[in-house]
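Colleague: predicted coordinates and the sequence they were generated for:
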Amino acid sequence: MSDDNTNNRSNEIDGTRGFAMDLGGTEVDDEESNQGLFDDLLSGEPIFENKEVLRPSYTPHELPHRSDQINKMATILVAALRGETPSNILIYGKTGTGKTASAKFVSKELESTSQKYSVPCDVEYINCEVTDTQYRVLAQLANKFIEKNEQRIDDRIDELESLLAAVDEYDRSQPPDSPPNSSEGESELFEFPIEDAEARPTEADTGSGDPTATSPAGSTDSSGDTNQTTDGDSAVEMGGLETGESPTRNEGDDRSTDDPTGTDASDSSERSDETDDADRFITTVDDESASSHEEHGAKFPPDHPLESTPFDSKSAVEARIESLEEDRESFEEVPMTGWPTDRVYSVFFDAVDYDERVVVIMLDEIDKLVEKSGDDTLYNLSRMNSELENSRVSIIGISNDLKFTDFLDPRVKSSLGEEEIVFPPYDANQLRDILQHRSEVAFKGGALSDDVIPLCAAFAAQEHGDARRALDLLRTAGELAERAQSETIVEEHVRQAQDKIELDRVVEVVRTLPTQSKLVLFSIILLEKNGVHSINTGEVFNIYKRLCEEIDADVLTQRRVTDLISELDMLGIVNAVVVSKGRYGRTKEISLSVPLEETEAVLLSDSRLSDIDDVQPFVQARFEN
Ligand SMILES: Nc1ncnc2c1ncn2[C@@H]1O[C@H](COP(=O)(O)OP(=O)(O)OP(=O)(O)O)[C@@H](O)[C@H]1O
């Protein structure tokens, strides 16, 4: 055994190590079975400190040159933190201009601020390139909101169970001669006069620390002022269970005008009828302590866990837990196919409206959705607010295509485009800044020579100011340098990276072409390979026909083939120019604009085309017909 290994190790021919794998049942000790495949690669000093920050999936913490757009988005979305409905936003800009990154950055901030101030606000992101039908969009949203609702219910139940445990603990701690279980709500022995209630501490036992910190409107007021929810010393008191929900529970309660969440007062009073008492826990201490003592007859002593909660007995808490559990049971997840769309819509609608909150739905690549399945989804989403009772929906649409709204129903168009934000392409200097920021985290110190970043920025600016392309170039240049075991990245690596990315793009485009386009492209390649220059459409068509017959494919008309050539031209794979032949009219002259051999190899990797073995006769037939 060890002899075999020795053989394998010494199997180096022309400096190339021959690796042998031990696949049989022989036992190989770990040390000996390692043939050093990775050792050489690991031995070089790595250039990257953290390559992940150069990948498209990374969301940067800083987005240089996008502060205007980010601030504009924030100014619109801050309404959500006041419990109001933010205007819908349409974001436009070419690919790689930071639309998605900026929108995700803002939504992350929005969600974390909403948690900080306990204002219920949810942001949902959908990539419509992947989720491209009304059914799928609605099903995905429905399931996400069901998941969120379940999570909230679980959290509420946990908190209510802790409350029950606290009540039990409290009851146990009472001296034996104290009245029998005050928490059951039977006894009125612990009635407190209102004056006593006023003397109580402003922070309930179940409260969440600094009560003023729970005032979202006060803290997020764009004017920078802090809104005092009630005059003087009263503070917003959280029941410790349902943070951030509006004090809408008491019918005719004039506190709704003093809404500490900043929720629209008329909204709150409208909804107050349906609002479950036990779910509305924010109370204003002075008001609540006075009114609860009046209403509940001040059942509990000040240190009782149920004091300052809307529950007047332990069994009321238990009943609430039971009803929450029933709610959770009633949610039905939407399957990814099979239901009628209106049923999916209705489940989605109910899931969104289950709780009082503002929902921001971010539809990235929204043009793809409209292209694939019309504007029904957007129509349904944009009219939801008139029917929702508890929640409010706002839409952010992101698109590369400035013209996609031309295809929208005028009502959808005006509702969706309430606010528009344009992301212009980056220029070379801006790209340089972006790369500079990222490279500080991505690379080891001294790994970049001075001209690398400017060159990447210049190449990407030539395209169309695409930051994704610039970052790809920098990462690929780093990888090429690493592969060459170079300690620094130099200009040459960037140039190689540019070629590699271009080739990868071509390979990907060619690989995913439909078979008919592949046959047209293959015809052009065969002509070029045989030294035909200034190829015209007729020549391509003749060869294309033969190829189709050979592989039993349908033969399209010459007119369709001309269209396919134009499509290949638009994709940058061929170059087709119309030339005038004087009195013989005009014709197209076609030439290949991508590397011939690599493209041919990709085409031949398609199993249908690889069946064509001898292509020569087709080329010879080019002038026939
Ligand atoms: N200002 C910026 N600062 C740092 N990185 C940026 C900036 N703008 C864009 N990027 C980065 O460039 C890449 C592309 O950005 P993003 O996906 O946001 O572009 P996009 O405009 O949404 O493009 P597409 O329309 O193709 O989806 C991402 O990796 C992103 O992190």
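Modeller: Perfect, thanks for sending it. Note that the coordinates shown come from a computational prediction; the quantities given were computed from them, not determined experimentally. Residues are numbered from 1 along each chain as shown.
Colleague: measure Phe349 to the ligand for me?
Modeller: Look at Phe349 and the ligand: by C-beta to the nearest ligand atom, to the nearest Å, they are 29 Å apart. All C-beta spots, glycine's among them, are computed from the backbone N, C-alpha and C.
Colleague: ok, now which ones touch that residue?
Modeller: Met384, Glu387, Leu388 (C-beta atoms under 8 Å, 6 or more residues apart in numbering).
Colleague: pipe those into TSV and attach neighbour count, distance to the ligand and secondary structure per row.
Modeller: Supplementary listing: these in TSV, determined by neighbours: other C-beta atoms under 10 Å; distance: C-beta to the nearest ligand atom, whole Å; DSSP: H, G, I helix; E, B strand; the rest coil:
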residue	neighbour count	distance to the ligand	secondary structure
Met384	19	25	helix
Glu387	8	32	coil
Leu388	14	29	coil
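Colleague: just the residues you listed now: which is nearest His464?
Modeller: Nearest to His464 among those is Met384, at 35.9 Å by C-beta to C-beta.
Colleague: this structure: strands as residue ranges?
Modeller: Secondary structure of the chain, counting by DSSP state E: strands at 12-13, 16-17, 89-93, 121-127, 236-237, 283-284, 358-364, 392-399, 419-423, 574-580, 586-592.
Colleague: now those strands as a markdown table including mean pLDDT and mean neighbour count?
Modeller: As requested, the strands of the chain are exported to a markdown table (pLDDT from 0 to 100; neighbours: other C-beta atoms under 10 Å):
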| stretch | mean pLDDT | mean neighbour count |
| --- | --- | --- |
| strand 12-13 | 36 | 8 |
| strand 16-17 | 38 | 11 |
| strand 89-93 | 93 | 23 |
| strand 121-127 | 93 | 20 |
| strand 236-237 | 33 | 27 |
| strand 283-284 | 32 | 23 |
| strand 358-364 | 94 | 24 |
| strand 392-399 | 94 | 24 |
| strand 419-423 | 93 | 18 |
| strand 574-580 | 87 | 14 |
| strand 586-592 | 86 | 17 |
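Colleague: pipe those strands into TSV and attach distance to the ligand per row.
Modeller: Formatted as TSV, the strands of the chain follow (distance: least, C-beta to the nearest ligand atom, whole Å):
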stretch	distance to the ligand
strand 12-13	42
strand 16-17	38
strand 89-93	5
strand 121-127	9
strand 236-237	38
strand 283-284	43
strand 358-364	7
strand 392-399	6
strand 419-423	6
strand 574-580	25
strand 586-592	27
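Colleague: need the contact list for Ser572.
Modeller: Not quite, residue 572 is Gly, not Ser. By C-beta under 8 Å, 6+ apart, Gly572 lies in contact with Val509, Ser593, Val594.
Colleague: how close does the closest residue in space to the last one that isn't next to it in sequence get to Glu492?
Modeller: What that stands for is Val594. Closest residue in space to Val594, ignoring its immediate chain neighbours: Val506 at 4.6 Å, by C-beta to C-beta, 6 or more residues apart in numbering. Val506 is 21 Å from Glu492, where distance means C-beta to C-beta, to the nearest Å.
Colleague: which of those two has more neighbours?
Modeller: Per other C-beta atoms under 10 Å, whichever of Val506 and Glu492 has more neighbours is Val506, with 19 against 14.
Colleague: list the contacts for that one?
Modeller: Contacts here follow C-beta under 8 Å, 6+ apart; on that basis Val506 touches Ile573, Val594, Pro595, Glu598, Thr599, Val602.
Colleague: which one of the residues you listed is nearest Asp364?
Modeller: Nearest to Asp364 among the contacts of Val506 is Ile573, at 27.4 Å by C-beta to C-beta.
Colleague: what is the burial count for that closest one?
Modeller: For Ile573, the count of nearby residues is 20 (other C-beta under 10 Å).
Colleague: quick one, phi psi at it?
Modeller: phi -90, psi -40 (degrees, to the nearest 10).
Colleague: which residue does the protein have closest to the ligand?
Modeller: Of all residues in the chain, Gly98 sits closest to the ligand, at 2.7 Å by C-beta to the nearest ligand atom.
Colleague: I'd say that residue and Pro64 touch.
Modeller: No. Counting by C-beta atoms under 8 Å, Gly98 stays clear of Pro64, with 9.4 Å between them.
Colleague: excluding chain neighbours, what is closest to the residue nearest to the spatial centre of the chain?
Modeller: Of all residues in the chain, the one closest to the mean position by C-alpha atoms, centre = their mean is Tyr125, 4.2 Å from it. Leaving aside its sequence neighbours, Tyr125 sits nearest to Met362 (C-beta to C-beta, 6+ apart; 4.6 Å).
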